[in-house]
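Peer 1: sharing a model that was predicted from the sequence below.
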Amino acid sequence: MPGLLHRIGDVFRLPVRTPDPAGPGDRAPLEHNLFDAAATYVVACIADDQDRIDEAAGRVAPDALMFGVNELAQRAVLTLAREHGTEPEAMARALLGLPAA
């Protein structure tokens, strides 16, 4: 099972090319994990740190970042719901300040 989880994690590591100061033709691929970018993005948004927001958003494609943020939100809601012994929908609504459905 752990091997499967590692392989699934590898699927979400997207290669990103960044300019190398040595010259425009000398570029080395860097790997950025979309979940790392999503976590950095969310924390930067909480801290209202525009520089970190921009940096995290630039690591991966916008749709990949959206996927990572969505995955983070789902995991957070599920974890909080379990900790509070409530349903995920109730927890999500409470976090957003919405009335119970």
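Peer 2: Noted; the coordinates are in hand.
Peer 1: what's the neighbour count on Met66?
Peer 2: 14 (other C-beta atoms under 10 Å). (C-beta placed from N, C-alpha, C; glycine too.)
Peer 1: now do Leu34
Peer 2: 23.
Peer 1: isn't it up against Leu65?
Peer 2: Yes - when contacts are counted by C-beta atoms under 8 Å, Leu34 is listed as touching Leu65 (6.7 Å).
Peer 1: okay, and the common contacts of those two?
Peer 2: Jointly contacting Leu34 and Leu65 under the rule C-beta atoms under 8 Å, 6 or more residues apart in numbering are Arg59.
Peer 1: residues in contact with Ala38?
Peer 2: Contacts of Ala38 (C-beta under 8 Å, 6+ apart): Ala56, Leu65, Phe67, Gly68, Val69, Glu71, Leu72.
Peer 1: nearest spatial neighbour of the fourth one, chain-adjacent residues omitted?
Peer 2: When the adjacent residues along the chain are set aside, Gly68 lies closest to Ala38, with 2.9 Å between them (C-beta to C-beta, 6 or more residues apart in numbering).
Peer 1: below-threshold pLDDT in the chain: ranges please.
Peer 2: The model of the chain has pLDDT under 70 over residues 1-32.
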